[in-house]
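# Mind folding the following:
(one chain, ligands or ions: 1)
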Amino acid sequence: MNQQTSQSGGEPIVRLSKLNKSFGTLHVLKDIDLSVTPGEVVVIIGASGSGKSTLIRCINGLEEFQQGELEVDGNPLKPHGKATKALQKIRTEVGMVFQQFNLFPHLSVLDNVTLAPMKVRGWSREDATETAERLLERVGISDQAAKFPTQLSGGQQQRVALARALAMEPRLMLFDEPTSALDPEMIGEVLDAMRELANEGMTMLIVTHEMGFAREVADRVIFIHKGEIAEEGPPETIFDSPQAEPTRNFLSRVLKH
Ligand SMILES: Nc1ncnc2c1ncn2[C@@H]1O[C@H](COP(=O)(O)OP(=O)(O)OP(=O)(O)O)[C@@H](O)[C@H]1O
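Residues are numbered from 1 along each chain as shown. Predicted structure coming up:
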């Protein structure tokens with residue numbers, strides 16, 4: 001749970017209204033309304049194929065949508081919007097951590113983290129390196145800075161991906177199943193780094209199948225069913241007394257394991 005609640009609130013960083021997204025004839029997101037306020041940690045849960053990744057990817061402008069409104073930190077994205085100024089701004093203000101770590105294999109850990117601040121923000125190598133070293137220290141892998149991604153474990157690579165996203169000083173962090181490609185013993189180290197970030201007041205929107213983590217860290221849990229928000233609320237309500245039948249069915253399936 002976010003401990004810096006005094007920082008929470010204010011104008012939403014993310015605002016979606018009646019957002020609709022289809023792939024051809026497949027209607028994947030249906031009239032999604034969602035606001036995320038500064039400092040809030042929102043966890044999205046739902047069955048495979050329910051539209052969670054697509055939602056996250058729309059917010060980052062990686063997928064275009066067909067109808068509705070979407071605004072990230074005051075930057076409006078239009079339906080079918082492609083290379084707009086707002087989209088460029090969103091890309092620089094939103095950090096994203098994917099299921100696959102997506103590191104640049106030919107660059108060292110340090111260079112993976114310094115690249116975007118130098119290229120996109122125009123920082124000097126010295127400033128970018130100083131920031132990168134601090135972030136690598138923070139996620140517990142400063143001793144790996146000179147290595148290449150393939151020399152690292154999955155958990156270490158994902159922590160580099162987190163440091164790389166944070167190096168751009170994002171206003172919002174999006175996570176799309178950041179631990180599902182990891183061996184079980186490495187999941188904890190990535191969740192620990194995310195937990196710390198949440199405690200520091202970062203605004204986070206997280207898709208995960210880690211229900212224990214969701215319960216502990218989320219300010220709000222959203223359950224998506226077949227492209228619609230079926231239910232949302234504080235974690236204790238969603239997990240202990242879900243109201244909607246699809247939520248109950250889903251949780252009874254996943255919590256059994
Ligand atoms: N690029 C695409 N082209 C066509 N269909 C797609 C594309 N991306 C996703 N889909 C379809 O959209 C639906 C929602 O997919 P999405 O990946 O958003 O679900 P999800 O809830 O994130 O699932 P999972 O938990 O398995 O990752 C699925 O039916 C999927 O097959």
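# Need the residue closest to the centroid of the chain.
Leu174 (1.7 Å; Cα atoms, centre = their mean).
# strand partners of the strand or helix carrying it, parallel vs antiparallel please.
Using DSSP states H and E, Leu174 falls within strand 172-176. Take DSSP bridges as the rule and strand 172-176 pairs in its sheet with strand 94-97 (parallel), strand 204-207 (parallel).
# Check the spacing between the closest residue to Ser153 other than its chain neighbours and Arg57 real quick.
Spatial nearest neighbour of Ser153, excluding adjacent residues (Cβ to Cβ, 6 or more residues apart in numbering): Met186 at 6.0 Å. For every residue, glycine as well, the C-beta is placed using N, CA and C. Per Cβ to Cβ, to the nearest Å, Met186 is found 24 Å from Arg57.
# near the ligand, which residues of this structure show up?
23, 26, 28, 46, 48-54 (Cβ under 6 Å from any ligand atom).
# Could you turn the buried ones of those residues into a PyMOL selection?
To isolate the buried ones among those in PyMOL, judged by 16 or more other Cβ atoms under 10 Å, type:
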select buried, resi 28+46+50+51+52+53+54
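# Including pLDDT and secondary structure, could the residues of the chain next to the ligand go into JSON lines?
Formatted as JSON lines, the residues of the chain next to the ligand follow (pLDDT from 0 to 100; DSSP: H, G, I helix; E, B strand; the rest coil):
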{"residue": "Phe23", "pLDDT": "96", "secondary structure": "strand"}
{"residue": "Leu26", "pLDDT": "96", "secondary structure": "strand"}
{"residue": "Val28", "pLDDT": "98", "secondary structure": "strand"}
{"residue": "Gly46", "pLDDT": "96", "secondary structure": "strand"}
{"residue": "Ser48", "pLDDT": "93", "secondary structure": "coil"}
{"residue": "Gly49", "pLDDT": "95", "secondary structure": "coil"}
{"residue": "Ser50", "pLDDT": "97", "secondary structure": "coil"}
{"residue": "Gly51", "pLDDT": "97", "secondary structure": "coil"}
{"residue": "Lys52", "pLDDT": "97", "secondary structure": "helix"}
{"residue": "Ser53", "pLDDT": "96", "secondary structure": "helix"}
{"residue": "Thr54", "pLDDT": "97", "secondary structure": "helix"}
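# and the residues of the chain next to the ligand, which two are the farthest apart?
Greatest spacing in those, by Cβ to Cβ: Phe23 and Gly46 (17.1 Å).
# which residues are contacting stretch 57-76?
11-22, 29, 31-32, 54, 77, 79-82, 86-87, 89-91, 93-94, 96, 171-172, 174, 176, 205 (Cβ atoms under 8 Å, 6 or more residues apart in numbering).
# Which PyMOL command selects the buried ones in those residues?
Selection of the buried residues among the contacts of stretch 57-76 in PyMOL, burial being defined by 16+ other Cβ under 10 Å:
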select buried, resi 12+13+14+15+16+19+20+21+29+32+54+77+86+87+89+90+91+93+94+96+171+172+174+176+205
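# All set now, cheers.
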